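J.: from the sequence below, what's the structure:
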Amino acid sequence: MLAARGQIPLGLSVDVGNAVTFAAMALGWNAFRFLEGRKILIAPLGLAVGSWLVLCQTPWFASDISLRTAYASLIFAAFSVGYCFEFWRAPSIKPSIRIVLLVASCGNVITFMARALYCLLTGEPSTMLTGDNWLALSILGPLVFVTVLALCALWSWHERLFYDLQSAVELDPLTGILNRRAFDKAATALLDHSAASGERLALLLIDIDHFKSVNDRFGHLAGDHVLRVFAGGIQSELRKNDLLARYGGEEFVIVLRGAGQEDAMQVAEKLRQKVSDLNLDWQGESISLTASFGISVTRDTRMSLFELIDRADRGLYGAKGSGRNRVSTVSTAQSKASIGDCTQAGSGAVPASVS
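T.: Numbering: from 1, shown residues only. As a prediction, the model looks like this:
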């Protein structure tokens, strides 16, 4: 419509053509806000389009091409600043993409601000619009911006889609932590790294005590709520480089990096107390929780994930067999320890053997 000036009515080419372009800028800006989970703002769109159409009906504004060009340029610059702000604070956009978007949008701000200032200071928009250098600059800046915006939007959308698909495959949909498949993959990689670097690893296998009674008494929705709160409470106590996963049903598993036997016992006891202190409310009724912990740690020789989990599972079995709500570990001196080799702590217990 802007390019058809002189071939179509001036009102369509200048008034409506610019208004549609403002609306497009506002919609694109809102699209990035929506992508980041922020509220869509209609007011800037309405203000830009409405003020332009109203001013274009006034003789003093419609007859002054310098003023019209300056005002339109300021609107474009304002929306470009909005793009800059959204790109700057968008956590989901990769840094490399963010830099490209910021450079393009800042270039757009500079181009249109220069255009507005030139019109206001010189009052010669015709020179700017028809001169070769100014014409090239006024077209090149927005063209680069729109092209970069389109390409980076597709790139960002592809990254988001890939992340969503990866999350669907690797995350437990109820608790939002790793599922068993993703845990097995990540833990195996850590064990390989441990064997090569000598880093100690500890594995904690956790089972919520009497979880079936929660489902039987309060219903499965309450059970789901318990699992979510339990996972969130455990995750809040762990470091970023530790692994936490839902291993199945009410069983959870943790891999602690750089942790030996004593470190793992301390962490497990801290988590056991955390679970006991959780205050869960379901439809006005209080739900109390306890959990049992089994621990195993890597040895000097290479260990498989199966061996590590098997030893932790036997420790967990010992903890549950001794009354639950406690931490138990299988001795690392033997590769095939019996339940009698377990030591325990928690719930007031002192280290003891389990028969």
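
J.: for the stretch 151-300 of the chain, which segments count as strands?
T.: Taking DSSP state E, counting those that start in this stretch to define them, one finds strands in the stretch 151-300 of the chain at 201-208, 243-248, 251-257, 280-282, 285-287, 291-297.

J.: the fourth one: how far from the chain's middle?
T.: On the basis of C-alpha atoms, centre = their mean, to the nearest Å, strand 280-282 is displaced by 28 Å from the centre of the chain it belongs to.

J.: use 836 as the first number for this chain going forward.
T.: Okay, residue one is now 836; in that scheme the one you just asked about reads as strand 1115-1117.

J.: average model confidence for it?
T.: For strand 1115-1117, mean pLDDT rounds to 88.

J.: who does that strand pair up with?
T.: The strands beside strand 1115-1117 in its sheet (DSSP bridges) come out as strand 1120-1122 (antiparallel).

J.: got the buried residues for the strand it pairs with?
T.: Residues of strand 1120-1122 classed as buried: residue 1122 (neighbour count, 16 or more other C-beta atoms under 10 Å). Heads up, the C-betas are built off the backbone N, CA and C, glycines and all.

J.: what does that strand contact?
T.: Contact with strand 1120-1122 is made by 1049, 1053, 1057, 1061, 1114-1116, as judged by C-beta atoms under 8 Å, 6 or more residues apart in numbering.

J.: distance to residue 954 added to the residues you listed, as TSV?
T.: Formatted as TSV, those follow (distance: C-beta to C-beta, whole Å):
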residue	distance to residue 954
1049	71
1053	70
1057	67
1061	66
1114	65
1115	65
1116	64
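
J.: which of these lies closest to residue 891?
T.: Checking those against residue 891 by C-beta to C-beta gives residue 1116 as the nearest, at 59.9 Å.

J.: just the pLDDT for the spatially closest residue to that closest one that is not a sequence neighbour.
T.: What sits nearest to residue 1116 in space, not counting adjacent residues and going by C-beta to C-beta, 6 or more residues apart in numbering, is residue 1122, at 7.5 Å. Looking at residue 1122, its pLDDT stands at 90.

J.: so which of the contacts of strand 1120-1122 wins on neighbours?
T.: The most crowded member of those, judged by other C-beta atoms under 10 Å, is residue 1049 (23 neighbours).

J.: where does this structure dip in pLDDT?
T.: Within the chain, the stretches falling below the threshold (pLDDT under 70) are 959-976, 998, 1001-1003, 1166-1190.
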